[in-house]
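**Student:** my questions concern the predicted model and sequence given below.
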Amino acid sequence: MHAGVIQFGTLENDRIRVYTGDMFSNPLPSDKTLRLHAVKLLTPTQPSKIIAMWNNFGALGRKLNLAKPAEPLYLIKAPNSYLNPGETIRKPSCEGKVAFEGELGIVIGKPCKGVSEAEAMNHVFGYTCGNDVTVVDILHRDPSFAQWVRAKGFDTFCPFGPAVATGLDPLSLIVTTRLNGELRQDYPISDMHFSVAQLVSLISNDMTLDPGDIILCGTSVGVGSMKPGSIVEVEIAGIGKLGNRFE
């Protein structure tokens, strides 16, 4: 956002080339550029939904003694949880340990319904960083009902950004998460149980995925809790660094 106007563009060194039109359908470059430090970065897409995976990484599954799932296991992050890069994750009024989960986000670029695995990558626009924030204590507090959506759906509990990167090979990507500058997560996307193409295909057979929607691929070892005043940074080379304070 610049001078109160929301725009989108591509990063060119320390400047943003402003585009017009539809980000996902024939965007047009303009002659206008803005200095990166002169704009406020917002979430790079406006998803109708964000789907978040559970138990999708081998290393974490082994640590938790979980079997490889037969199909993707996922929940939906509520729109009220979406948070801009650099903004503050707010502690909810309830008590309990609040955890960070650094993740890769798959950004959908074309309407996607019932696509095959072979077709799936044609519907992927690019990738972003995400933080699937969770109140861990709520998850299994009631033995009759696992509260995944509530535990992960509080206001500000889904920061993502700072950009969408295109042309990346997801198998080459590494997710790192730092808490107050200390490395806590450092894991390869190649350890996923379900590949990007498999996730897009299988989930699109359950529900239509729209341009701008995001699939958070799940997380791996190193998840931990945040205390008020903490800064958590999720970084993926080629995409950038997503930083947010927790208060």
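**Tutor:** Yes, it's here. Numbering: from 1, shown residues only.

**Student:** what's the average pLDDT for the longest strand seen in the chain?
**Tutor:** Using DSSP state E, we find that the single longest strand of the chain is strand 25-35. Per-residue pLDDT over strand 25-35 has a mean of 95.

**Student:** same for that strand, what does it pack against?
**Tutor:** When contacts are defined as 3 or more C-beta pairs under 8 Å, 6 or more residues apart in numbering; DSSP states H and E, strand 25-35 sits against strand 8-12, strand 15-22. Yep, even glycine has a C-beta here, placed from its N, CA and C like the rest.

**Student:** so what are the sheet partners of that strand and their directions?
**Tutor:** Paired strands of strand 25-35, with direction, are strand 15-22 (antiparallel) (DSSP bridges).

**Student:** closest to residue 202 out of the helices and strands packed on strand 25-35?
**Tutor:** Residue 202 sits nearest to strand 15-22 of all those, at 27.1 Å, using C-beta to C-beta.

**Student:** returning to what we had before: how about the helices and strands packed on strand 25-35 in JSON lines, adding distance to residue 158 and mean neighbour count?
**Tutor:** Listed next are the helices and strands packed on strand 25-35 as JSON lines, based on distance: least, C-beta to C-beta, whole Å; neighbours: other C-beta atoms under 10 Å:
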{"stretch": "strand 8-12", "distance to residue 158": "20", "mean neighbour count": "15"}
{"stretch": "strand 15-22", "distance to residue 158": "24", "mean neighbour count": "15"}
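
**Student:** rewinding a little: the inter-axis angle of the longest strand of the chain versus strand 8-12?
**Tutor:** Strand 25-35 and strand 8-12 meet at an angle of 60 degrees, taking axes from the mean of the first three to the mean of the last three C-alpha atoms, to 10 degrees as the criterion.

**Student:** which helix or strand lies directly C-terminal to strand 25-35?
**Tutor:** As assigned by DSSP states H and E, the chain's next helix or strand after strand 25-35 is strand 50-54.

**Student:** note down every partner strand of that next one and its orientation.
**Tutor:** Here strand 50-54 is paired, per DSSP bridges, with strand 73-77 (antiparallel), strand 214-216 (parallel).

**Student:** so of these, which one's packed in deepest?
**Tutor:** Stretch with highest mean neighbour count among these: strand 214-216 (a mean of 27; mean count of other C-beta atoms under 10 Å).
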